[in-house]
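Engineer: What follows is a predicted structure for the sequence shown.
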Amino acid sequence: MKSTRLIAAEILLNVVDHGRSLNDELPAALADTELDDQPFLQQLVYGTTRYYFALDEIIQKILDKPIKDKERIVHMLLAVGLYQLWKLNVAEHAAINETVSAVTESKRKWATGLVNASLRRFQREKDAILAECRRGDSFPGWLNKRLRQAYPEQFAEICGNSNVPGPMTLRINAKRVIREQWLKLAETEGIVAQACEHANSAVTLAAAAPVAMLPGFDAGDVSVQDEAAQLCAQILELNDAARVLDACSAPGGKTGHLLESAQNVQMTALDVSAERLQRVGENLARIGETAELIAADAADVELWWSGEPFDAILLDAPCSGTGVIRRHPDIKLLRKSADITALAKIQRNLLNKLWPTLKPGGRLLYATCSILPDENSHQVAGFVAETPDAELIPLTLPADAETAAGIQWLPQVDGHDGFFYALLEKQL
């Protein structure tokens, strides 16, 4: 069985050089890893991905010349070793020796001296090397530029908060249990949790716990979902028996919450991926809810819409994910500046195509887990300006940043993710 450090380096190589996502790479690797080693592997993978740009800069400083492309696994092993010495509470001799052993394990024995010397140099000169490092926040340049332009006063805070892993937050199923009752039950089980400030269904755990330990999880009493993502049901305020569309539903967390928020909701859940839609069905089954599941592109309205208008639509639009980088650090490596322009076109097309399926007097909630104005406030303001019967409904939620339209939340340490909401009503 491979060592955790070599596995971590191989995953990092696939993400950095081959554009693979951690969602694709990590689960299979964890399944082939000893149970006791899984937390450390996950910590290495997420950490080296989160700080890759800074680690890459450090490697350039301590090496006389770059490692050849065909030997890039050595570069990634160096990154894994440096991350341990920089960020983890691992004995330095163990971090160095085990990383060098992983180099040998990778059949790159020629590089053992190089890796050993490089890690020991960083061990000796860490403070001086880090003082010269310009990419300590480890964000790509294009994203740094966009964030500085959008949030000149909050830029440093956004980067810092996005590098701190988010807390584990739960959604309490109001159909099954009152939040205060669940909190008392959790306390008897030794789980420390507290009610969230804004989402009336949310509680945050003091420390992450396996879902199997959560009281009522298997019965559907509770689900894992960030506080920001839980606001969709609170904002839409569905009536009983409402006809609702969740246009981009996978993996189904918001779909389930909408169904939990009212009685006899007639839910249509779309997703372009049939495989992801299957997960929506599984998540709904656990909480005892059902929906009409349709695998289709929401923009291809003529292929899936019956012609009967919806009372409410949730458009949780495809986006950059820049508000949830702390949970998905590979976004830093996989997203490019050109993606934002392409995503903005997709978002506007979805708004334009879905608007006719909403009945007069109905409401569409536009949401993203992005913090970039091009995908959020600019998108909504532009749509409203071009759509005579679309009215922007003011939201009473406090915002983390001023916007031309909607509510923008930014990632908060021990709090919610970065998220955007805008509520639109079709005029009679």
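Structural biologist: On my side now, so go ahead. As the structure is a prediction and not an experimental result, all values here were calculated from the model.
Engineer: Which residue ranges of the stretch 201-350 of the chain form helices?
Structural biologist: Along the stretch 201-350 of the chain, counting by DSSP state H, counting those that start in this stretch, helices occupy 231-236, 253-260, 274-287, 301-304, 331-334, 337-354.
Engineer: hey, which of the ones you listed is tucked in deepest?
Structural biologist: helix 253-260 (a mean of 26; mean count of other C-beta atoms under 10 Å). C-betas here are computed from N, CA, C, even on glycine.
Engineer: Show me what that one is packed up against.
Structural biologist: With contacts taken as 3 or more C-beta pairs under 8 Å, 6 or more residues apart in numbering; DSSP states H and E, helix 253-260 sits against strand 169-172, strand 222-224, helix 231-236, strand 243-246, strand 266-271, helix 274-287, strand 310-316.
Engineer: Looking at the ones you listed, which is nearest to Ile73?
Structural biologist: Relative to Ile73, the nearest member of the helices and strands packed on helix 253-260 by C-beta to C-beta is helix 274-287, separated by 30.4 Å.
Engineer: and the direction of the closest one versus that of helix 253-260, what angle?
Structural biologist: 40 degrees (axes from the mean of the first three to the mean of the last three C-alpha atoms, to 10 degrees).
Engineer: Same list, the helices and strands packed on helix 253-260, but as CSV with mean pLDDT and distance to Gly113 please.
Structural biologist: Output for those, formatted as CSV (pLDDT from 0 to 100; distance: least, C-beta to C-beta, whole Å):
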stretch, mean pLDDT, distance to Gly113
strand 169-172, 98, 47
strand 222-224, 97, 46
helix 231-236, 96, 55
strand 243-246, 98, 56
strand 266-271, 98, 51
helix 274-287, 96, 46
strand 310-316, 98, 51
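Engineer: got a markdown table for the ones you listed, with distance to Lys65 too?
Structural biologist: Below are the helices and strands packed on helix 253-260 laid out as a markdown table (distance: least, C-beta to C-beta, whole Å):
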| stretch | distance to Lys65 |
| --- | --- |
| strand 169-172 | 46 |
| strand 222-224 | 46 |
| helix 231-236 | 51 |
| strand 243-246 | 53 |
| strand 266-271 | 47 |
| helix 274-287 | 44 |
| strand 310-316 | 47 |
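Engineer: Of these, give the one that comes closest to His198.
Structural biologist: For the helices and strands packed on helix 253-260, proximity to His198 was assessed by C-beta to C-beta; helix 231-236 is nearest, at 6.9 Å.
Engineer: Alpha carbons of the closest one, as CSV, please.
Structural biologist: What follows is helix 231-236, C-alpha atoms only, in CSV (Å, rounded to 0.1, in the frame of the first residue of the first chain):
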residue,chain,number,x,y,z
LEU,A,231,-31.5,30.7,2.9
CYS,A,232,-33.2,29.7,-0.3
ALA,A,233,-36.3,28.3,1.4
GLN,A,234,-36.4,31.2,3.9
ILE,A,235,-36.4,33.8,1.1
LEU,A,236,-38.8,32.1,-1.3
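Engineer: For it, what is the distance to the chain centroid?
Structural biologist: Helix 231-236 sits 19 Å away from the centroid of its parent chain (C-alpha atoms, centre = their mean, to the nearest Å).
Engineer: what's it in contact with?
Structural biologist: The contact list for helix 231-236 (C-beta atoms under 8 Å, 6 or more residues apart in numbering) reads 198-201, 244, 254, 257-258, 260-261, 312, 314, 316, 363, 365, 367, 395, 397, 419, 421, 423.
Engineer: now stretch 41-50
Structural biologist: Outside stretch 41-50, the residues within contact range by C-beta under 8 Å, 6+ apart are 4-5, 7-8, 11-12, 15, 22, 25-26, 29-30, 33, 55, 76, 79-80, 83-84, 87-88, 138, 163, 165, 329-330, 332-333.
Engineer: same check, this time on stretch 292-308
Structural biologist: 243, 247-249, 267-274, 277, 280-281, 315, 346, 349-350, 353-354, 356-357.
Engineer: Go again with 10 Å.
Structural biologist: 243, 245-250, 252, 255, 266-278, 280-281, 284, 313, 315, 317-318, 346, 349-357, 359 (C-beta atoms under 10 Å, 6 or more residues apart in numbering).
Engineer: what about the longest helix in this structure?
Structural biologist: Looking across the chain with DSSP state H, the single longest helix is helix 112-131.
Engineer: What's the first helix or strand after that one?
Structural biologist: Per DSSP states H and E, helix 112-131 leads on to helix 141-150 as the next helix or strand towards the C-terminus.
Engineer: Report the mean confidence score over that following helix.
Structural biologist: Helix 141-150 carries an average pLDDT of 95.
Engineer: who does it touch, helix- and strand-wise?
Structural biologist: Under the contact criterion of 3 or more C-beta pairs under 10 Å, 6 or more residues apart in numbering; DSSP states H and E, helix 141-150 touches helix 155-162, helix 337-354.
Engineer: A helix includes Ser101, no?
Structural biologist: Yes: assigned with DSSP: H, G, I helix; E, B strand; the rest coil, Ser101 falls within a helix.
Engineer: one step back: name only those of the contacts of helix 231-236 that count as buried.
Structural biologist: 199, 201, 244, 254, 257-258, 260-261, 312, 314, 316, 363, 365, 367, 419, 421, 423 (16 or more other C-beta atoms under 10 Å).
Engineer: picking that back up, and for the longest helix of the chain, what's in contact with it?
Structural biologist: Here helix 112-131 makes contact (C-beta under 10 Å, 6+ apart) with 54, 57-59, 61-64, 67, 74-75, 77-78, 80-82, 84-86, 92-93, 95-97, 99-104, 106, 108, 111, 132, 136.
Engineer: Just the contacts of stretch 41-50: which are in helices?
Structural biologist: Per DSSP H, the contacts of stretch 41-50 map to helices at 4-5, 7-8, 11-12, 15, 22, 25-26, 29-30, 55, 76, 79-80, 83-84, 87, 332-333.
Engineer: Am I right that Leu423 falls within a strand?
Structural biologist: Yes: counting by three-state DSSP, Leu423 is located in a strand.
Engineer: Contact partners for the closest residue to it other than its chain neighbours?
Structural biologist: Once flanking residues are discounted, Leu423 sits nearest to Ile393: 4.3 Å by C-beta to C-beta, 6 or more residues apart in numbering. Residues near Ile393 by C-beta under 10 Å, 6+ apart: Ile235, Arg363, Leu365, Gly406, Ala422, Leu423, Leu424, Glu425.
Engineer: returning to what we had before: as JSON lines, the helices and strands packed on helix 141-150 with distance to Pro215 and mean pLDDT would be great.
Structural biologist: Formatted as JSON lines, the helices and strands packed on helix 141-150 follow (distance: least, C-beta to C-beta, whole Å; pLDDT from 0 to 100):
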{"stretch": "helix 155-162", "distance to Pro215": "30", "mean pLDDT": "95"}
{"stretch": "helix 337-354", "distance to Pro215": "38", "mean pLDDT": "98"}
